[in-house]
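In: take a look and give me a structure for this.
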Amino acid sequence: MEFNEFCEKVKRHVEEHYGASKTVTMKNVMKNNGFTLTGLVVSGDESNISPTVYLNGFYEAYEDGETMTSVVQKVIEVADTGQLSLSINIESFTDFEKAKGNIVYKLIGNRSNTELLSKIPHVSMLDMEIVFFFLIEGTVEGNASVLITNEHMKRWGTDTETLMGLAKSNTPRLMPSCVHRMEDLIRQMFIENVREKYEADHVIPGIEDGEDPEHAMNRLADEVLGAVTDSDRCIPMLVVSNSLKYFGAACMLYENVLSELAKRIGGGFYLLPSSVHEFIAVDERYVNAPEELAEMVKEVNATQVRPDEVLTDSVYHFDRKNNKLTLAVSKKTACANM
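Out: Numbering: from 1, shown residues only. This is a model prediction of the structure:
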C-alpha cells in the first residue's frame with residue numbers, strides 16, 4: 001500500500017471512531033532539514049489546541065507487519081493523550097503579552113533549511129540558525145511547541161530582535177542546561193536495558209546465585225564501564241543538553257555555559273553536535289585533527305541520527321582564552337555568549 005493511500009485509510013477509520021464529536025483533517029508540516037511529515041489533526045470543542053499525529057512512523061510500522069487495526073488504535077490513543085496533555089489557554093499564545101514568558105529558542109542548520117528559514121524569524125550563528133518557538137510547559141512529546149513564523153511575528157506586532165531578547169532570558173530559565181559524563185549516560189542506558197529485559201523475561205545474563213537483581217545490574221554496569229574507560233583509547237567526553245532533553249544543543253548559546261565547561265575541562269575543547277537535542281564536548285588535548293572529528297560527526301548523522309534531528313555535520317572549537325566559538329576548520333568566529 002502506498003503512503004498516501006495508507007494515510008487516507010487511517011483518516012477514514014479515525015473519523016469513523018470519533019463520529020461527529022471531532023473533526024479529523026490531514027496536513028503536511030515542514031520540519032527540520034527540509035523534511036515534510038504528514039499528520040492527522042484531531043480537533044474538538046472540549047480542547048483549545050489540536051494535536052497533530054504524524055503518520056510517517058506508523059506507516060513504517062505497517063510496512064513491517066503491524067495491522068491496520070493496531071495502527072488506527074495507536075493513532076487514536078496518541079490523539080486522545082494529546083488532547084489532554086496539550087490543552088492550554090489559547091490566549092497565552094495569541095496574546096503577545098501572555099506569550100512572552102514562553103518564547104524560547106533552538107538551533108537548526110542553515111544549509112538544509114533554506115525554504116523553512118524563508119518563513120520564520122531567525123538569527124545566524126556560524127553555520128546554524130537560531131529560531132524561536134512557543135514552549136508548552138509540562139510536556140515535551142508530540143506538539144509540545146509551536147514554531148514561531150513570520151506570520152505570528154506580524155500578528156504580534158514584534159520583531160526578531162525582541163524575540164531574541166525574550167528567548168535569551170526564557171530559554172535557560174525554562175530549559176536549564178545539564179552536563180553529564182558520557183560514561184555515566186552509557187551506564188544508565190545499560191542498566192535501563194538490562195532492567196527492561198529482566199522485567200520482560202526475568203533473566204539477567206551474568207547474575208550470580210542468590211544475588212539481588214538490582215545489585216547485579218549495577219555490578220554488571222560497573223564491569224562493562226570499567227572495561228571501556230580503562231582503555232587507552234577512551235577519550236573523556238561531556239554530554240550537554242537541557243533538563244527536558246529537548247532541543248538542548250541550544251545550550252551552547254546560554255551565558256557562561258561554554259566558559260564553565262572550559263573550567264571543568266581545564267582548557268579549550270571541541271563541540272560535536274550529536275543532534276538538535278545535545279552536543280558533546282571533547283578536550284582539545286585529545287584531538288590531533290578536527291577534520292577527523294568532522295568525518296565522524298558526518299557518518300553518525302548519516303547512519304544513527306533521525307534525519308529531522310540532525311543539526312549540522314560541522315565541529316566547533318571553543319577557545320577558552322578568547323572566549324570564542326569557531327568552526328573548527330574555517331575558524332569563522334562568533335561570540336560564545338550571544
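
In: what number of residues lie near the closest residue in space to V72 that isn't next to it in sequence?
Out: Nearest residue to V72, sequence neighbours excluded (CB to CB, 6 or more residues apart in numbering): H13, at 4.3 Å. Placement of C-beta: from N, CA and C, glycine included. Using other CB atoms under 10 Å, H13 has 17 neighbouring residues.

In: C-alpha coordinates for the one helix or strand H13 maps to, CSV please?
Out: Using DSSP states H and E, H13 sits in helix 3-18. This file holds the C-alpha atoms of helix 3-18, laid out as CSV (Å, rounded to 0.1, in the frame of the first residue of the first chain):
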residue,chain,number,x,y,z
PHE,A,3,1.9,6.0,1.7
ASN,A,4,-0.9,8.4,0.5
GLU,A,5,-3.4,5.5,0.4
PHE,A,6,-2.4,4.4,3.9
CYS,A,7,-2.9,8.0,5.2
GLU,A,8,-6.4,8.2,3.7
LYS,A,9,-7.4,4.8,5.0
VAL,A,10,-6.2,5.7,8.6
LYS,A,11,-8.0,9.0,8.3
ARG,A,12,-11.3,7.3,7.4
HIS,A,13,-11.0,4.9,10.3
VAL,A,14,-10.2,7.7,12.8
GLU,A,15,-13.2,9.7,11.5
GLU,A,16,-15.4,6.7,12.0
HIS,A,17,-14.2,6.3,15.6
TYR,A,18,-14.9,9.9,16.6
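
In: flag every buried residue along it.
Out: F6, C7, V10, K11, H13, V14, E15, H17, Y18 (16 or more other CB atoms under 10 Å).

In: show me what it is packed against.
Out: strand 23-30, strand 36-43, helix 56-63, helix 68-85 (3 or more CB pairs under 8 Å, 6 or more residues apart in numbering; DSSP states H and E).

In: most tightly packed of these?
Out: strand 36-43 (a mean of 18; mean count of other CB atoms under 10 Å).

In: okay, and the beta partners of T25?
Out: T25 has these beta-bridge partners by DSSP bridges: V41.

In: OK, contacts around it?
Out: Listed by CB atoms under 8 Å, 6 or more residues apart in numbering, the contact set of T25 reads L40, V41, S43.

In: how confident is the prediction for L185, by pLDDT?
Out: What the model reports for L185 is a pLDDT of 61.

In: nope, P51 is what I was after
Out: So, for P51, pLDDT stands at 69.

In: what does the helix holding H13 contact?
Out: Here helix 3-18 has contacts from 1, 24, 26, 38, 40, 42, 44, 55-56, 58-59, 62, 68, 71-72, 75-76, 79, using CB under 8 Å, 6+ apart.

In: repeat that with 6 Å
Out: Under the criterion CB atoms under 6 Å, 6 or more residues apart in numbering, residues V24, M26, T38, L40, L55, Y59, V72, V75, I76 lie in contact with helix 3-18.

In: distance of the residue nearest to the last one when sequence neighbours are not counted from A79?
Out: Spatial nearest neighbour of I76, excluding adjacent residues (CB to CB, 6+ apart): H17 at 5.7 Å. Relative to A79, H17 is positioned 9 Å away (criterion: CB to CB, to the nearest Å).
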